[in-house]
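Asker: 3D, please:
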Amino acid sequence: MITNKQMHLAQVFLKIFFRDRQSIIFNLLFPLIFMGVFVFVGGESEPINLGLVNNSSNTISQEFSELVEEEPLFNVTKGEENELKRQLFLGDQTAIIIIPESFNPIDETAEIKLLLDASQVRQIGSIKEAISKSLLSIERSLRNTQPMFTIEVEDVKSRPQRYVDFLLPGLLAFMLMNLSIAGSGFNIVEFRRRGILKRLFVTPIKSQDFIISIVVSRIVIILMQLSVVLGLAILLLDIKIVGSFLSLYGMIVIGSFIFLCLGFSFGSLAKTQEAIRPIVTLFTFPQLILSGVFFPINSLPDMIQPIAHILPLSVIANGLRDIANDGVSLLMINLNTLGLFVWIILSFIVATKFFVWKEVAG
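Answerer: Below you'll find the model as predicted:
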């Protein structure tokens, strides 16, 4: 039960935070800018820049060329082979289709040359597959034949497919990690430097009052800031939260507790602001890359995936994503829930073992 003394001290910490307007603006704008950038990057794919060389003069090749130009997947540039090759080497073209002089697919199988520069194209396999499927569709139109079957895709999970729906839970997890560590680790170092801890502990305030007050105040701040980001995402980006907001905010509180505890440990290890920055960077930066904030962990090399899955930011991001995108309940028992319990216990043990309450830097 939170006492009046603890609530009063939590209010003091909240007032200290709200006086720092620069910190408030930065903590809100940074994730919103990130979200905006990745929304544009993750939007609809641009047409493939495709060069077309027609060395045949028969009617079939002309009709084939027209069908290629009408294909929405392609941004077609017709021209001579040497010039289009030069554009391909410069990166202005993604691929080149060369129609041979003997092109006559009606009487016999015709060979079309497809030129690609793998050094200029990252997703070469997917582009080759997309081009092949489009050319197959064009061939059917040319031969006036129907496909043997069609595939009806039904999404039984009713899961949002936009990149921003995937991105938002990861950004929320990344925000709460930064806010929690800044609110515990950096604040402890600053309070120690300014002698605030020394003055506090000659008062009737006990150590548990101090820690509970910081936890309460930081969780309130985190909930307020994440609510602003979440609200803007729902209103402006049409984000759909499939699960309950109770589960979502419950996961945020759990994640905040874990990172607050870890932050207390960092604040004990480092005695100055200069010392804590590299410690926090060493902890947060690898997780930003490996924890599935911006892309699925499954896209990482196989040998790294087991490590990435057990990182605390991965556990929180996956939990938020399961709730927001799949409607999973916070109380549902799975591997991610077990990971949460492990990190709650581990972070609390680390915080209580390494935190030095009364040490003051000389």
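
Asker: give the rounded mean pLDDT of the helix or strand containing residue 322.
Answerer: Using DSSP states H and E, residue 322 sits within helix 312-326. Here helix 312-326 scores 91 as its mean pLDDT.

Asker: how about stretch 353-362?
Answerer: Stretch 353-362 comes out at a mean pLDDT of 56.

Asker: one more: stretch 216-234?
Answerer: On average, stretch 216-234 scores 86.

Asker: identify the residues contacting that stretch?
Answerer: 2, 6-7, 10-11, 13-14, 17, 24, 27-28, 31-32, 35, 164, 168, 171-172, 175-176, 179-180, 183-184, 239, 241, 249, 252-253, 256-257, 260 (C-beta atoms under 8 Å, 6 or more residues apart in numbering). For the C-beta atoms, the positions are set from N, CA and C on the backbone; glycine is no exception.

Asker: any of these buried? List them.
Answerer: Using 16 or more other C-beta atoms under 10 Å as the burial test, these include 6, 10, 13-14, 17, 27-28, 31, 35, 164, 168, 171-172, 175-176, 179-180, 183-184, 239, 241, 249, 252, 256-257, 260 as buried.

Asker: against residue 280, how distant is residue 172?
Answerer: Applying C-beta to C-beta, to the nearest Å, the value for residue 172 to residue 280 is 19 Å.

Asker: so how far is the helix or strand containing residue 227 from its chain's centroid?
Answerer: According to DSSP H and E, residue 227 maps onto helix 207-237. Remark: helix 207-237 is offset 20 Å from the chain centroid, using C-alpha atoms, centre = their mean, to the nearest Å.

Asker: kindly report the same for stretch 334-351.
Answerer: 22 Å.

Asker: ok, stretch 223-241 next?
Answerer: Offset of stretch 223-241 from its chain centre (C-alpha atoms, centre = their mean): 15 Å.

Asker: the strands in the chain, which residues?
Answerer: For the chain, applying DSSP state E gives strands covering 48-54, 74-78, 95-99, 113-116.

Asker: taking the centroid of the chain, which residue is nearest it?
Answerer: residue 294 (2.3 Å; C-alpha atoms, centre = their mean).

Asker: report pLDDT for it.
Answerer: 81.

Asker: separation between it and residue 326?
Answerer: Distance check for residue 294 against residue 326: by C-beta to C-beta, it reads 19 Å.

Asker: excluding its backbone neighbours, what's nearest residue 312?
Answerer: Take residue 312 and drop its neighbours on the chain: the residue closest to it by C-beta to C-beta, 6 or more residues apart in numbering is residue 343, 4.9 Å away.

Asker: same thing with residue 287?
Answerer: residue 313 (4.0 Å).

Asker: can I assume residue 77 is in contact with residue 93?
Answerer: Yes. If you go by C-beta atoms under 8 Å, residue 77 and residue 93 touch, sitting 6.8 Å apart.

Asker: so those two - more neighbours on which side?
Answerer: More crowded of residue 77 and residue 93, by other C-beta atoms under 10 Å: residue 93, with 25 against 16.

Asker: just checking, that one touches residue 83?
Answerer: No. Residue 93 lies out of contact with residue 83 (C-beta under 8 Å); the separation is 10.0 Å.

Asker: hey, what's in contact with both of residue 77 and residue 93?
Answerer: 49, 50, 51, 84, 87.

Asker: got those residues as CSV, with distance to residue 115 and neighbour count columns?
Answerer: As requested, those are exported to CSV (distance: C-beta to C-beta, whole Å; neighbours: other C-beta atoms under 10 Å):
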residue, distance to residue 115, neighbour count
49, 12, 17
50, 10, 24
51, 8, 25
84, 8, 23
87, 11, 16
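
Asker: so which of those residues comes closest to residue 265?
Answerer: Nearest to residue 265 among these: residue 49, at 51.7 Å, using C-beta to C-beta.

Asker: quick check: bridge partners of that closest one?
Answerer: Beta-bridge pairing for residue 49 (DSSP bridges): residue 75.

Asker: list the residues that contact it.
Answerer: Contacts of residue 49 (C-beta under 8 Å, 6+ apart): 75, 77, 92, 93, 94, 95.

Asker: show me where pLDDT drops low in the stretch 51-200 of the chain?
Answerer: Within the stretch 51-200 of the chain, the stretches with pLDDT under 70 are 105-110, 118-131, 133-135, 137-161, 197, 200.
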